[in-house]
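Undergrad: only the shape, not the letters, is given here:
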């Protein structure tokens with residue numbers, strides 16, 4: 001009888017250890033996936049000042065558009081800093097998503113207005129920055145998809161019974177998907193100078 005009770009207790013302890021370790025592994029994969037987004041977002045945020053400075057020489061009458069891009073970039077960079085340590089923090093992720101939506105919107109307006117400046121579209125520096133930015137946008141989309149896949153795996157395991165009891169007990173909170181707020185933002189920035 002004591003052996004049966006001891007076996008049950010050891011089995012329960014083993015299950016708790018294995019489930020907790022699996023939750024930690026999935027959460028760390030989620031953090032790693034976000035770090036890939038983080039790298040690409042930093043790259044984008046570093047390119048935007050080059051884009052604005054190159055355009056400033058040609059778009060003297062579009063200061064409001066350039067300022068909007070710069071301000072949106074700064075808000076997004078600040079939101080990125082907030083979430084870097086805890087990508088599973090849904091509040092910080094929502095702040096980043098909102099900032100990214102605003103940045104995509106202001107960049108879309110920038111590119112729409114820049115179509116009126118043929119000299120800008122033919123500037124070699126601008127063409128190079130546009131190519132880098134376009135490549136970065138693609139990388140962000142792939143990294144975001146990978147992050148969302150990791151979130152799904154983490155949340156699915158976390159919500160299964162009996163892991164759900166352990167997850168709540170040990171503070172493993174539900175993670176949010178990185179989905180932009182509007183359909184326009186989800187399409188990404190259309191970059192074309194042809």
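TA: That came in fine, so what should we check first? Note that the structure is a prediction, hence the values are computed from the model and not measured.
Undergrad: okay, which residue is most central for the chain?
TA: Nearest to the mean C-alpha position of the chain, by C-alpha atoms, centre = their mean, lies residue 37 at 5.1 Å.
Undergrad: now that one, nearest residue through space, not along the chain?
TA: Of all residues not flanking residue 37 in the chain, residue 143 sits nearest, at 4.4 Å (C-beta to C-beta, 6 or more residues apart in numbering). The C-beta positions use only the backbone N, C-alpha and C, and glycine is treated the same way.
Undergrad: so how far is the helix or strand harbouring that neighbour off the chain centroid?
TA: Assigned by DSSP states H and E, residue 143 belongs to helix 124-159. Between the centre of helix 124-159 and the centre of its chain there are 7 Å (C-alpha atoms, centre = their mean, to the nearest Å).
Undergrad: that helix packs against which elements?
TA: helix 2-56, helix 163-169 (3 or more C-beta pairs under 8 Å, 6 or more residues apart in numbering; DSSP states H and E).
Undergrad: what's the weakest-modelled helix or strand in the chain?
TA: Ranked by mean pLDDT, DSSP states H and E, the weakest helix or strand in the chain is helix 183-186, scoring a mean of 52.
Undergrad: and the pLDDT at the residue nearest to residue 164 when sequence neighbours are not counted?
TA: Closest residue to residue 164 apart from its sequence neighbours, by C-beta to C-beta, 6+ apart: residue 158 at 6.6 Å. pLDDT for residue 158: 95.
Undergrad: how many neighbouring residues does residue 158 have?
TA: 21 (other C-beta atoms under 10 Å).
Undergrad: and it, what is it in contact with?
TA: In this structure, residue 158 makes contact with 23, 26, 164, 167, 172, 174, judged by C-beta atoms under 8 Å, 6 or more residues apart in numbering.
Undergrad: gap between the closest residue to the fourth one other than its chain neighbours and residue 166?
TA: Nearest-residue entry for residue 167: residue 158, 4.4 Å, with adjacent residues in sequence omitted and distances by C-beta to C-beta, 6+ apart. Computed with C-beta to C-beta, to the nearest Å, the distance linking residue 158 and residue 166 is 9 Å.
Undergrad: joint contacts of these two?
TA: By C-beta under 8 Å, 6+ apart, the residues touching both residue 158 and residue 166 are 23, 172.
Undergrad: on that earlier part again, any chance of the helices and strands packed on helix 124-159 in a markdown table, with distance to residue 125 and mean pLDDT too?
TA: Below are the helices and strands packed on helix 124-159 laid out as a markdown table (distance: least, C-beta to C-beta, whole Å; pLDDT from 0 to 100):
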| stretch | distance to residue 125 | mean pLDDT |
| --- | --- | --- |
| helix 2-56 | 5 | 93 |
| helix 163-169 | 50 | 89 |
